[in-house]
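K.L.:
coordinates for the following, if possible.
(4 chains)
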Number of protein chains: 4
Amino acid sequence: MKIPVEFGDCDPARIVWFPNFFRWVDAASRNFFVECGVPSWDEAERIWGVNGTPLVDTQARFFNTATYGETLEIHTTVTEWRNKSFVHEHRVQRGETPIMTCIEIRVFSAPKADGSRGIRAVPIPADIQRLCSQQ
Amino acid sequence: MKIPVEFGDCDPARIVWFPNFFRWVDAASRNFFVECGVPSWDEAERIWGVNGTPLVDTQARFFNTATYGETLEIHTTVTEWRNKSFVHEHRVQRGETPIMTCIEIRVFSAPKADGSRGIRAVPIPADIQRLCSQQ
Amino acid sequence: MKIPVEFGDCDPARIVWFPNFFRWVDAASRNFFVECGVPSWDEAERIWGVNGTPLVDTQARFFNTATYGETLEIHTTVTEWRNKSFVHEHRVQRGETPIMTCIEIRVFSAPKADGSRGIRAVPIPADIQRLCSQQ
Amino acid sequence: MKIPVEFGDCDPARIVWFPNFFRWVDAASRNFFVECGVPSWDEAERIWGVNGTPLVDTQARFFNTATYGETLEIHTTVTEWRNKSFVHEHRVQRGETPIMTCIEIRVFSAPKADGSRGIRAVPIPADIQRLCSQQ
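P.N.:
So this is what the prediction gives:
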């Protein structure tokens, strides 16, 4: 996944303001599932009852700064499938230069059973795990 | 520091989209230094040569979701002063309910010595550490 | 409504990056309805079938720049109630200094009748117009 | 310019939250100048003394909603060069479907002459106008 860094992504120190990396990493996560063949969360909710992969835990390291006019690449994998959660690794690079890496633990969520606002964690749908393991 | 959660901070699952927590945590970090008596980074650059506290490493855990109409509180401390870096702890709560906690390692930065774009890590100014340790 | 301007709201020119003004103006719009006594859009959907006030047309003028460390105030009114739309005026100021003004035309929206994703414009609920006209 | 709409760009009504359109339109403006051959604002400041094209006035109309998983296209032109300002037109489309259009008046800015924080409007550099008129 390629990310063009824009002027507005940068802060007064003229480097990418770090919350934007999490914006891109979140897009990279959904993009990973799309490339595995998982449809939008609206459709996934109709098929498997799941409506997203909310974040439970994240750890990020920043190695080099980036600025606008540059293009970054994000390499995303699932390094572990657990029972109710999975582990993502995102490596953000500018060419061969590492910019940041991010390890995420995410779960699959479903709407609350009683129809109230909010979500609950559910087991990973076997179909989705199968689709993504073939990658 | 109080954060009113807005409609636009929330995603299609109707909960706060997580990169926004990093936006707020970054504001809470600067707010911590402001409350210690550290001026804007523009002025700090004139006085001590430092222009910010870029993030090197961050680890966050998410305990409960939040949504718009709620008010969150962020409690920010420095738990450790090292030679060139320091450790922040941010606890985000809604009343007594924990929402997320974030441990950050940050450094103090200065403009590059050769005037080129970018920043470099520098030792923590003794004045700033003194101001913040009195809190 | 008071807006503390944060470091991350500013761009490499060290001034507020303009899309952030629209973020704040949108919050000011919802805040206007909250102060009139209109509940969250989730509850409003249960009561009146409306789930938001999407923007149809907006015109903004920028008079002065703002930067982090400053506090802005937004003064929001409804200047006209039409049949299916209404006109908002937002004045953003720093003390007496005008920063930007924004005129918005918004409608009230409801979920699509056939349950598909998306929204449709509906007449303004009389209760909401009454609540807001008493302000 | 192509914009992939991401999950986090959408709000609880599951449509693009409108301030994001201004984020994209701002990127489209800079992209227009890049495609004309204008370098980054850092370099432009060294060459012509200008460091950006801040927005003075903007008017936007929203025709259709968009959501994540879709790809939008932005068509950007300069429709008028004035003495100290110019007029941008941005048309955002999904295939043939119009999503929004935005008319902007922007100026060219330079750092303040006295070195203080902030910017001032300056005449459009003849080189830049020439580069962009050849498009």
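K.L.:
close to chain C, is the lowest-mean-pLDDT helix or strand in chain A?
P.N.:
Least confident helix or strand, chain A: strand A:119-122 with a mean of 88, by mean pLDDT, DSSP states H and E. No. Residues of strand A:119-122 contacting chain C under CB under 8 Å from any CB of the partner chain: none, with a closest distance of 14.0 Å. Where C-beta positions appear, they are placed from N, C-alpha and C, glycine not excepted.
K.L.:
what strands flank that strand, and is each parallel or antiparallel?
P.N.:
strand A:97-111 (antiparallel) (DSSP bridges).
K.L.:
before we move on, the earlier item: the least confident helix or strand of chain A: which residues count as buried?
P.N.:
The neighbour-count check on strand A:119-122 (16 or more other CB atoms under 10 Å in any protein chain shown) flags A:119, A:122 as buried.
K.L.:
CA atoms only: put that strand into PDB for me.
P.N.:
C-alpha atoms of strand A:119-122 as PDB (Å, rounded to 0.1, in the frame of the first residue of the first chain):
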ATOM      1  CA  ILE A 119     -19.600  -3.600  20.000                       C
ATOM      2  CA  ARG A 120     -18.500  -6.900  21.500                       C
ATOM      3  CA  ALA A 121     -15.500  -9.200  20.600                       C
ATOM      4  CA  VAL A 122     -16.400 -12.400  18.800                       C
END
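K.L.:
report pLDDT for the residue nearest the centre of chain A.
P.N.:
Nearest to the mean C-alpha position of chain A, counting by CA atoms, centre = their mean, stands residue A:29 at 2.5 Å. Per-residue pLDDT puts residue A:29 at 97.
K.L.:
residue A:116 too?
P.N.:
69.
K.L.:
helices along chain A, start to end?
P.N.:
With DSSP state H, the ranges of helices along chain A come out as A:19-36, A:41-48, A:126-133.
K.L.:
give the contact list for the residue nearest to the residue nearest to the centre of chain A when sequence neighbours are not counted.
P.N.:
Distance criterion CB to CB, 6 or more residues apart in numbering or on different chains; nearest residue to residue A:29, sequence neighbours excluded, is residue A:88 at 5.9 Å. Taking CB atoms under 8 Å, 6 or more residues apart in numbering or on different chains, we find residue A:88 in contact with A:29, A:32, A:76, A:77, A:78, A:79, A:102, A:103, A:104, A:105, A:106.
K.L.:
rewinding a little: for the helices of chain A, which one ends up most surrounded?
P.N.:
Scoring the helices of chain A by mean neighbour count under mean count of other CB atoms under 10 Å in any protein chain shown gives helix A:19-36 as the most buried, with a mean of 21.
K.L.:
how about the residues of chain A by chain B?
P.N.:
For chain A, the contact set with chain B under CB under 8 Å from any CB comprises A:12-15, A:17-20, A:22-23, A:26, A:41, A:51-52, A:54-62, A:65, A:67, A:109, A:117-119.
K.L.:
how near is the residue lying farthest from the centre of chain A to residue B:68?
P.N.:
Here chain A reaches farthest from its C-alpha mean at residue A:114, the gap being 27.9 Å by CA atoms, centre = their mean. Applying CB to CB, to the nearest Å, the value for residue A:114 to residue B:68 is 21 Å.
K.L.:
show me the shaky parts of chain A.
P.N.:
Along chain A, segments meeting pLDDT under 70 span A:115-117, A:135.
K.L.:
and it, which of its residues are near chain C?
P.N.:
Counting by CB under 8 Å from any CB, the residues of chain A near chain C are A:7, A:8, A:10, A:11, A:12, A:14, A:17, A:19, A:42, A:68, A:117.
K.L.:
related to what we said a few turns ago, so what pairs up with the residue nearest to residue A:29 in the strands?
P.N.:
Taking DSSP bridges as the rule, residue A:88 bridges to residue A:78, residue A:104.
K.L.:
quick check: bridge partners of residue A:55?
P.N.:
residue A:106.
K.L.:
so who does it touch?
P.N.:
Here residue A:55 is in contact with A:26, A:104, A:105, A:106, B:18, B:62 (criterion: CB under 8 Å, 6+ apart).
K.L.:
number of nearby residues for the residue lying closest to residue A:69 once chain neighbours are set aside?
P.N.:
Spatial nearest neighbour of residue A:69, chain neighbours left out: residue D:40 (4.9 Å); criterion: CB to CB, 6+ apart. By other CB atoms under 10 Å in any protein chain shown, 20 other residues sit near residue D:40.
K.L.:
go on, residue A:72?
P.N.:
Neighbours of residue A:72 under the rule other CB under 10 Å: 20.
K.L.:
before we move on, what about residue A:84?
P.N.:
Neighbour number of residue A:84 under other CB under 10 Å is 11.
K.L.:
same check, this time on residue A:112
P.N.:
Neighbourhood size, residue A:112 [other CB under 10 Å]: 11.
K.L.:
that one and residue A:66: what is the separation?
P.N.:
39 Å.
K.L.:
returning to what we had before: give me the buried subset of the contacts of residue A:88.
P.N.:
Buried by 16+ other CB under 10 Å: A:29, A:32, A:76, A:78, A:102, A:104, A:105, A:106, out of the contacts of residue A:88.
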